[in-house]
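J.: Fold the following for me, if possible:
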Amino acid sequence: MPRMEIELTSKRDDGTWTWRAAGAKLPKGSLAENLLDGNASIGDVIRVETEQFVDGISVTSVLSGRDKKSVPELLEIVGSGKDEPLVTSNLQKKKNNRRRNKDERSPRASKDPDRRKPARDKKPTNKKPTKRNRNHSPVSTGKRLKQKHVHRDAIIASLPEEMQLFSRQLSQKGIARMRSVIEKQNEVALSAGEPPIPPELLLKFAEQLQPQLRTAEWRDKAEAALEGINKIDLRDLRSVVVASDTSAKDSETRDLANQLKDGLVIRIESEHAKWVSSVEAALQEDRIVRALRLSSHPPKAGAPLSEELLSSLTQGANDNLTEDTYEDRWVTVLDAVALSPVRERVVPQSLPKEPSQKLIEVITELSMKIPSIAALFGVSPVPPPRKQRKKAK
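T.: Okay, here's the model as predicted:
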C-alpha cells in the first residue's frame, strides 16, 4: 500500500477528521476517528497507509504518531532604541496656481504674443485605409452570450468534496491541459519529499467525467441562448446550435436543441429582411459607400441580394468613379467596392488623367479583389504580403 504524510485540517460533528497532503492542497479526504489516538489535534502531521480509488484516496492505517506543526521562525527587528512614532507624514504646501491660471486667461495675456502658447501645427493625414477600416461591419452584431453555470455546478457539487476542485479545473482547462497541471503538482510534491499524485487514476476519472461536464455546460449556454434568442449575437447563437450535434444526448436536451434551431431560422430571416431594407434605404439616400459596406455584411454567408439592388449598387459605384472625382473619394469608393458582392461588375465611367502614386498603391493593395479595375490602371493582381511571425527571444 502506498504511504504518505497527511495534515489533519478539521474535525467534523460525526467524529471523522478531514486531511490534506502535507504541504499541498491536493490530494485531500477524510478518515475515521478510530484510526487516531485520543491526543490528535488540528495541524498534526502523521504518516499513513492509503488505498487509491476512482472517487479519491482512502486512509487504511496510521503508521506514526502525531507531529505538531513547527512554529515558523521569526525575525528579530533591531532598531535605534529610540521611542519614535511608528508613522510619519510630511505635508507639502499647495502651490498657488489659481493666480497664475487667472493671469493666463486674462485679456492681457491673450494680447501679449510672448505670453501666448504657440499653437501646434496639425499635420495633414493622408493615411491609406487600414484593414481594420475595410473589415469593419456597420451592421449591429447584438449582445454577446452570457450563461450561468447552473447545470455544471450541480454536477460538480454531486461529487466527493476532495474531487470538486479537480472537476472544476477540468471543466475550465480540459483533459489535455490537466496533464500538465498534474505534472507540475507532482514536481512540487517530489521537491517537498511528498508522494506524487497517480496521474493515470485522475486522468481516467477525468475521461469519465468530461462528457457529463460538456453536456451540462452546453445546456447552460443553450438555456441562456433560448432566453435571449432575439437579442444575442448571431455568431454565438450559431455556435450553440452547432455544438448541439455532439452535446444533446437525451430527449430533454434534444428538445432544447430543436427549439434553438427553429429560433435560429426565424432570427436569420428577420435579420435578412432588416439587412435588405438597410441597403435599400442607403441607396435611396444616395449614400453609395454605406450601401456597399452594408451589402458586404449579410447576416448569413452567401445570402443574396435581388438583381435590382445589385444593379443599383453597380450603377451607384460607377457614377462615383470618374475623372472628375477627387482622389480621396476614389480611395473610399474602391475600398467599399472591394468587399461588396458587385466588385466584379463595377466599371468606372472614366479614369483620372494623372492618377497619383497614393491611388496606385491603394489599387495595388486591392488588386486581388478588384482585378478588372486594377487592369484599367495597368496594375496586375498582387497577393498581399504574408505576415512574418515574431521569433521568440
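J.: Follow the chain on from the helix or strand hosting Lys204 and name the next helix or strand.
T.: Using DSSP states H and E, Lys204 sits in helix 199-227. Sequence order places helix 234-247 as the next helix or strand after helix 199-227, per DSSP H and E.
J.: what's the angle between that next one and helix 199-227?
T.: Following axes from the mean of the first three to the mean of the last three Cα atoms, to 10 degrees, one obtains 130 degrees for the angle between helix 234-247 and helix 199-227.
J.: from the chain's centre, how far out does stretch 362-381 sit?
T.: 37 Å (Cα atoms, centre = their mean, to the nearest Å).
J.: pull the CA atoms of it into CSV?
T.: Output of stretch 362-381 as CSV, limited to C-alpha atoms (Å, rounded to 0.1, in the frame of the first residue of the first chain):
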residue,chain,number,x,y,z
VAL,A,362,-4.3,51.6,-52.9
ILE,A,363,-5.4,49.9,-56.2
THR,A,364,-2.3,47.6,-56.0
GLU,A,365,-3.3,46.6,-52.4
LEU,A,366,-6.8,45.8,-53.5
SER,A,367,-5.9,44.3,-56.9
MET,A,368,-6.7,40.7,-55.9
LYS,A,369,-10.3,41.8,-55.1
ILE,A,370,-10.9,44.2,-58.0
PRO,A,371,-8.7,42.8,-60.8
SER,A,372,-10.7,44.3,-63.6
ILE,A,373,-10.4,47.8,-62.2
ALA,A,374,-6.7,47.3,-61.4
ALA,A,375,-6.1,46.2,-65.1
LEU,A,376,-7.5,49.6,-66.2
PHE,A,377,-4.7,51.3,-64.3
GLY,A,378,-2.1,48.8,-65.6
VAL,A,379,-1.8,47.0,-62.3
SER,A,380,-1.5,43.2,-62.2
PRO,A,381,-3.1,41.4,-59.3
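J.: what's next to it, contact-wise?
T.: Contact with stretch 362-381 is made by 128-129, 331, 334-335, 337-339, 343-344, 346-348, 351, 355, 360, 382-384, as judged by Cβ atoms under 8 Å, 6 or more residues apart in numbering. (Each C-beta comes from the backbone N, C-alpha and C, glycine too.)
J.: Just the buried ones out of those, please.
T.: Among these, those classed as buried by 16 or more other Cβ atoms under 10 Å are 129, 331, 334-335, 337-339, 343, 346, 348, 355.
J.: And the furthest pair within those?
T.: The most widely separated members of the buried ones among the contacts of stretch 362-381, counting by Cβ to Cβ, are Leu339 and Pro355 (21.7 Å).
J.: If you drop the residues flanking it in sequence, what lies closest to Leu234?
T.: Pro299 (6.1 Å; Cβ to Cβ, 6 or more residues apart in numbering).
J.: Can you get me a residue count around Glu7?
T.: Glu7: 19 surrounding residues under other Cβ atoms under 10 Å.
J.: Next one: His356 from Gln172, what distance?
T.: Heads up, residue 356 is Ser, not His. Going from Ser356 to Gln172 by Cβ to Cβ, to the nearest Å gives 54 Å.
J.: just checking, Arg267 touches Leu234?
T.: Yes - taking contacts as Cβ atoms under 8 Å, Arg267 lies within contact range of Leu234: 6.8 Å.
J.: Which residue of the two possesses the greater neighbour count?
T.: Of the pair Arg267 and Leu234, Arg267 is the one with more neighbours under other Cβ under 10 Å, namely 20 against 15.
J.: Just the ones of the buried ones among the contacts of stretch 362-381 in strands?
T.: The strands, defined by DSSP state E, take in nothing from these.
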